[in-house]
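[1] the sequence isn't on hand, but the structure is:
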């Protein structure tokens, strides 16, 4: 799904760092690491499992640092290394932990008709988030580039992707390049051509006639979206 958060701007030295309700200055880098480690899990569930309130976990996501014992319980619950969670140093998770799998993450907006862009960003995900896609080869991740197709995913959601099939599948979601623009749409075969829909009930889909099909270049099949939990 994430999950990997967007890059954060550094707090300038001339600005006061925000103060946590729990006391002390906020650490936005810690909050970003925690949001990534949550990977779409319900904050209320995590809070219950480690013996704190939902609002406490929300404060942590906003950059408040937990006390030492709570940090250890939090890291254990999320199956990440406490040192990485607290400081960003060292490995994120135990390489021997079989509950995790890593994927390359790509920028959909950087694709072209010639294929994937280069990527050196590797994102670990808990296998429990993948459901029936666990073990499927050649999967990769991307970030939903906009809110244009909210029934598929919202902007910033993490997308689990595979390379598109030679023959598109009716009713499935894909990312396309159309006239130099990246679109995420659900496909439907119609009498007038291929319909690209923002959702199943889209009253005004993009229609690609058989004569214009060469304008359309599929770059990914969207298998699932990992949704970030709002705070």
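    Noted; the coordinates are in hand. Keep in mind it's a predicted model, so treat the numbers as computed, not measured. Numbers count the residues shown, from 1 in each chain.
[2] is residue 106 in contact with residue 119, as I believe?
    Yes. Counting by CB atoms under 8 Å, residue 106 touches residue 119, with 4.9 Å between them. In this view, the C-beta of every residue, glycine as well, is placed from N, C-alpha and C.
[3] the more surrounded of the two?
    A direct count of neighbours by other CB atoms under 10 Å for residue 106 and residue 119 places residue 106 higher, at 21 against 15.
[4] contacting residues around that one?
    Residue 106 is in contact with 116-117, 119, 140-142, 161, counting by CB atoms under 8 Å, 6 or more residues apart in numbering.
[5] swap the cut-off to 10 Å and go again
    Residues in contact with residue 106 (CB atoms under 10 Å, 6 or more residues apart in numbering) are 116-119, 121, 140-143, 159, 161, 219-220.
[6] counting neighbours, which bits of the one helix or strand residue 57 maps to end up buried?
    Using DSSP states H and E, residue 57 sits in helix 54-61. Across helix 54-61, burial judged by 16 or more other CB atoms under 10 Å covers 56-61.
[7] the residue minimising distance to the centre of the chain and residue 226: what is the separation?
    Closest to where the C-alpha atoms of the chain average out (CA atoms, centre = their mean) is residue 158, at 1.9 Å. According to CB to CB, to the nearest Å, residue 158 stands 4 Å off from residue 226.
[8] list the buried ones in the helix or strand of the chain with the lowest mean pLDDT?
    The helix or strand of the chain with the poorest confidence is strand 122-126; it has a mean of 80 (mean pLDDT, DSSP states H and E). Judged by neighbour count using 16+ other CB under 10 Å, the buried positions of strand 122-126 are 123-126.
[9] list the contacts of residue 116.
    Applying CB under 10 Å, 6+ apart, the residues near residue 116 are 104, 106-108, 110, 140, 142, 163, 219-220.
[10] residue 143 bridge partners, please.
    residue 158 (DSSP bridges).
[11] where does the residue nearest to the centre of the chain land on pLDDT?
    Among the per-residue scores, residue 158 shows a pLDDT of 91.
[12] tell me how far it lies from residue 224.
    Using CB to CB, one gets 9 Å for the distance from residue 158 to residue 224.
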